[in-house]
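Chemist: Sequence below, structure please.
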Amino acid sequence: MTKVSIQSVTESFDAEGRLVKERMKQAEKIGLFHASSAKINIANDALIEGLLDQGTLAMIYGQSNAGKSFVALDIAAHLSSGKKWLGREVKRSNVLFVALEGRRGLENRLVGLSQANKLYPNSGLICRSTRLNLFEGSADAQDLIDQANWVFDESPYGRAIFIDTMAMAAVGASENDGRDMGIVLEKLRWIKEETDAMIMLVHHVGKDASKGARGHSSIRATLDTELELMTQGGNRYLKVTKQREYEKGGKIPFSLETISLLDTGMTRVTTKIVQPADTTKLSANDAIVSLLKEAAMPSDKLYEAFKAVRNWSNAKSQFNQALTTLKEKSVITEDEGLLKLT
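Modeler: Model (predicted):
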C-alpha cells in the first residue's frame, strides 16, 4: 500500500483551493459565478408581510364589480402610510396609482379612505388618471418610468406602482395573443427594472372563471404573485393562487362597507371601503344557504367550501347537523347528487 503523508494531502487541498479561487475570479470577469460562492440572498424587500415584495409583478383579478379597484386602492393607501393591512405588517412606501377607468370614481374612493382614517395628508400616495398604453410605442412606458422615479425620489421607503386596469393599459392588444401580450409584458418588465418597484395589475377573470384571469397563459407565467378576489358563503376573500417566494393557497378574508360621502336629499354619493371580515357570527345554516345561493354542488364540495367560511369548532358535526335541519325544513334538496336551494 502506498503511504500518503498528511503534508502532501494538505498541499494538494491548498493547491486545489487556490485553483478554485482563481476560477471564481475568472468567472466573475465574464459574468458568471461559481456555485460555491452562493450565499443567503434576500432578493426583494417585503412590502406586505408574506404577500408582496418590492421589485415583483403582481395581479389582483376577479369578476366585474367584485371590488378589485377598492381592494387595490386600499392596499396602496396602507403601503403609503405603513399601517398594517388586514393584520399584516407593511413597509411604508411611496406609491403611484394609475387609475385608467375614471378620475371621478377614484376621487370618491380617496375621500372615503380619508374619512375612514386610512389615508393621511403626509402619505406617499400619488395618483395618475391620464391614458397609458403599454402596447403601442414606448413613449407612455417611458413617461410612467419618469413619473414613478419622481414619486420615489431616492427615498428609503418602499416602491409600488398600481395599474387599474391591465386591459385599459393595453388598448389595441389582443389579450389572448401571445405576441401582443409579449409586447405589454416586456414594457412592464422594463418599468419594473427602471424603477425597482412592485407593480400591481388589476385585471378581469375570464369567461370560464375556473380557468383564472383573462388572457394568454404568458401573463400568469410572468407574475410573481396572483390574487383572486372571490366570494364564498356571503364573505369576500383574496385567494393566493400563485406565489414565487411565499406559500400559495391561503385566503385573506375581508368585507366591503358602504359609506356615505354626501347626502343632500337631491344628491347622494357613496363609496366602499375595505374592512376586516367578521365571520364569527355566521351560523352554520346561514353559511350553507349562502354557499348554495352561489351554485348547486355535491355534499363533499359543499363541505370543503363550508370549512373555508370561518374557523368552526367541530366543523363536520356542525355541517351535518345544519344539513339535516335544512333538509327537514325543505330549505334545500338533493337532485342527482347535487345539493341546491328549493
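
Chemist: what are the phi and psi angles of K242?
Modeler: K242 adopts backbone torsions of phi -150, psi 140, taken as degrees, to the nearest 10.

Chemist: so what's it bridging to?
Modeler: With beta bridges defined as DSSP bridges, K242 has these partners: E226.

Chemist: what sits against it?
Modeler: Going by Cβ atoms under 8 Å, 6 or more residues apart in numbering, K242 touches 220, 223-226, 248. All C-beta atoms are positioned from the backbone trio N, CA, C, and that covers glycine.

Chemist: ditto for S123
Modeler: S123 sits next to 77, 80-81 when contact means Cβ under 8 Å, 6+ apart.

Chemist: again, only using 10 Å
Modeler: Listed by Cβ atoms under 10 Å, 6 or more residues apart in numbering, the contact partners of S123 are 76-83, 92-95, 113-114.

Chemist: Which members of these are classed as buried?
Modeler: The neighbour-count test (16 or more other Cβ atoms under 10 Å) applied to the contacts of S123 identifies 76-83, 92-95, 113 as buried.

Chemist: Put the alpha carbons of the host helix or strand of D74 into CSV.
Modeler: With the criterion set as DSSP states H and E, the secondary-structure element containing D74 is helix 68-81. Included here for helix 68-81 are C-alpha records, laid out as CSV according to Å, rounded to 0.1, in the frame of the first residue of the first chain:
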residue,chain,number,x,y,z
LYS,A,68,-61.0,44.8,-7.2
SER,A,69,-60.3,48.5,-7.5
PHE,A,70,-61.4,49.1,-3.9
VAL,A,71,-59.0,46.4,-2.7
ALA,A,72,-56.1,47.6,-4.8
LEU,A,73,-56.5,51.2,-3.6
ASP,A,74,-56.8,50.1,0.0
ILE,A,75,-53.5,48.2,-0.3
ALA,A,76,-52.0,51.3,-1.9
ALA,A,77,-53.2,53.5,0.9
HIS,A,78,-51.8,51.2,3.6
LEU,A,79,-48.5,51.0,1.8
SER,A,80,-48.4,54.8,1.7
SER,A,81,-48.9,55.1,5.4
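
Chemist: The next helix or strand after that helix versus helix 68-81: what angle between them?
Modeler: Along the chain past helix 68-81, the next helix or strand (assigned with DSSP H and E) turns out to be strand 93-99. Going by axes from the mean of the first three to the mean of the last three Cα atoms, to 10 degrees, strand 93-99 is angled at 150 degrees with respect to helix 68-81.

Chemist: Strand 93-99 pairs with which strands?
Modeler: Strand pairing for strand 93-99, determined by DSSP bridges: strand 125-128 (parallel), strand 158-164 (parallel).

Chemist: for the longest one, what is the average pLDDT?
Modeler: Averaging pLDDT along strand 158-164 yields 97.

Chemist: Check the offset of that strand from the chain's centre.
Modeler: Strand 158-164 has its C-alpha centroid displaced from the chain centroid by 12 Å (Cα atoms, centre = their mean, to the nearest Å).

Chemist: cool, the first one as well?
Modeler: Averaging C-alpha positions (Cα atoms, centre = their mean) puts strand 125-128 19 Å from its chain's average.

Chemist: Neighbours of N149, how many?
Modeler: Around N149 sit 16 other residues, with neighbours defined as other Cβ atoms under 10 Å.

Chemist: quick one: average pLDDT of the host helix or strand of T325?
Modeler: Using DSSP H and E, T325 falls within helix 315-328. Taken as a whole, helix 315-328 carries a mean pLDDT of 89.

Chemist: right, and the helix or strand after that helix?
Modeler: Later in the chain than helix 315-328, the nearest helix or strand by DSSP H and E is strand 332-335.

Chemist: Direction included, what does that following strand pair up with?
Modeler: Sheet partners assigned to strand 332-335 using DSSP bridges are listed as strand 338-341 (antiparallel).

Chemist: winner for burial among the strands paired with strand 93-99?
Modeler: Using mean count of other Cβ atoms under 10 Å, the stretch among the strands paired with strand 93-99 with the largest mean neighbour count is strand 158-164, at a mean of 27.

Chemist: Can I get that one in CSV? Just the C-alpha atoms.
Modeler: Taking Å, rounded to 0.1, in the frame of the first residue of the first chain, the C-alpha atoms of strand 158-164 are listed here in CSV:
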residue,chain,number,x,y,z
GLY,A,158,-40.6,51.0,-0.5
ARG,A,159,-41.8,51.5,-4.1
ALA,A,160,-45.0,50.4,-5.7
ILE,A,161,-47.0,51.1,-8.9
PHE,A,162,-50.6,50.1,-9.3
ILE,A,163,-52.2,49.9,-12.8
ASP,A,164,-56.0,49.7,-12.8
